[in-house]
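Enquirer: quick check, what structure comes out for this input:
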Amino acid sequence: MEITLDEPGCDDFLFAIDVNSPDIVVVTEVYKDYLAHEDHFKTAKWGCFSGIMEEYPPRSIDVKTYDASETKHALDD
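Expert: Here you go, the predicted model:
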């Protein structure tokens, strides 16, 4: 977690294990913008992770990425 949180532009990193299906791990990463998210995949850490995935392939991976932004609340100054 700390390695990802130390990346420039990473605002948050969370993970959870499904209590009903412990083989399911949900990871949420929040980046300040999409460019920071793309830079995440260029890090040496990601290359190491990819190697581990090749050696110990998961049964399945479902990846979803979203480009989301906050909107100002009408009552905010």
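Enquirer: center of this protein - which residue?
Expert: Central residue of the chain (Cα atoms, centre = their mean): residue 29, 3.0 Å from the mean position.
Enquirer: what about the residue nearest to that residue when sequence neighbours are not counted, distance to residue 56?
Expert: Nearest residue to residue 29 in three dimensions, chain neighbours excluded: residue 13, at 5.3 Å (Cβ to Cβ, 6 or more residues apart in numbering). Any C-beta I mention is one placed from the backbone N, CA and C, and that applies to glycine too. As judged by Cβ to Cβ, to the nearest Å, residue 13 and residue 56 stand 21 Å apart.
Enquirer: go on, residue 34?
Expert: Counting by Cβ to Cβ - residue 34 and residue 56 are separated by 29 Å.
Enquirer: more crowded one of those two?
Expert: residue 34 (13 against 7; other Cβ atoms under 10 Å).
Enquirer: how many neighbours does the closest residue to that one other than its chain neighbours have?
Expert: Spatially, and ignoring its direct neighbours in sequence, residue 34 is nearest to residue 67 (5.4 Å; Cβ to Cβ, 6+ apart). Using other Cβ under 10 Å, residue 67 has 8 neighbouring residues.
Enquirer: and the gap between residue 67 and residue 35?
Expert: From residue 67 to residue 35 the distance is 11 Å (Cβ to Cβ).
Enquirer: tell me, how many residues neighbour residue 64?
Expert: 4.
Enquirer: quick one: the residue nearest to the centre of the chain is in a strand?
Expert: Yes. Assigned with DSSP: H, G, I helix; E, B strand; the rest coil, residue 29 falls within a strand.
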